[in-house]
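Enquirer: give the three-dimensional model of this entry:
(chains A and B)
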Amino acid sequence: AQSVTQLGSHVSVSEGALVLLRCNYSSSVPPYLFWYVQYPNQGLQLLLKYTTGATLVKGINGFEAEFKKSETSFHLTKPSAHMSDAAEYFCAVSGGRYGKLTFGQGTILTVHP
Amino acid sequence: GAVVSQHPSRVICKSGTSVKIECRSLDFQATTMFWYRQFPKKSLMLMATSNEGSKATYEQGVEKDKFLINHASLTLSTLTVTSAHPEDSSFYICSAPEGRGRSGEAFFGQGTRLTVV
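Expert: Have a look, this model is predicted:
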């Protein structure tokens, strides 16, 4: 079984500031981990994913995340926030190879000018 | 990347009627598709796994008779909300796994906003 906890339902940053969205997971098997972004009334867009190999994963739009097995974490970061980053972000885990995902509760990112 | 198309993007229906939502994999075959429901300001909850040529697998607490799933071909799965009520109003999203499922990744449709009045 898998579960995901995103710490903080809302995160607010200033434009140009560091973005840090936290995600912790539990999985009974080696996890595949994902971050998705969702804009209002739209589907999910994949930001990045970790399957195997390098634990620091780079994604689109300047985002990256680091898989830390010892901490069961997969936090999402971006060095400098843009206004266009304002959206809802979901961390997800897949415990197998079939694309069945368990999602965290989501974090709404607000970016202030 | 692979494309999953979901239709309609928005639908309003009267209470008691049925609504069908389509999910198509446009450039790959999907023997499995997933249907999620997203409540306002909530996360996505898996409703069911759609299996081509066989019965869908429903998650605990999901009414099979209310949410009918058909996966008639390798590129199309449909979700029919039967006898819809206002509490069925929600955002429904489908997904299909990456081609051979090796990465565990899934490609998502654009979602359907269902409003039952």
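Enquirer: chain A contacts on chain B?
Expert: B:1, B:6, B:9-10, B:32, B:34, B:42-46, B:49, B:91, B:93, B:95-98, B:101-106, B:108-111, B:113 (C-beta under 8 Å from any C-beta of the partner chain). (Glycine included, C-beta is placed from N, CA and C.)
Enquirer: now which of these would you call buried?
Expert: For those, a neighbour count by 16 or more other C-beta atoms under 10 Å in any protein chain shown gives the buried set as B:6, B:32, B:34, B:43-46, B:49, B:91, B:93, B:95-98, B:101, B:103-106, B:108-111.
Enquirer: just want the residue of chain A that's nearest chain B.
Expert: A:Gly99 (2.8 Å; C-beta to the nearest C-beta).
Enquirer: now do the contacts for that residue.
Expert: Counting by C-beta atoms under 8 Å, 6 or more residues apart in numbering or on different chains, A:Gly99 touches B:32, B:34, B:95-98, B:101, B:104-106.
Enquirer: least confident pick among those residues?
Expert: Ranked by pLDDT, the contacts of A:Gly99 bottom out at B:Gly101, which has 60.
Enquirer: give me the distance between the residue nearest the centre of chain B and chain A.
Expert: Geometric centre of chain B, nearest residue: B:Trp35, 3.5 Å, by C-alpha atoms, centre = their mean. Computed with C-beta to the nearest C-beta, to the nearest Å, the distance linking B:Trp35 and chain A is 11 Å.
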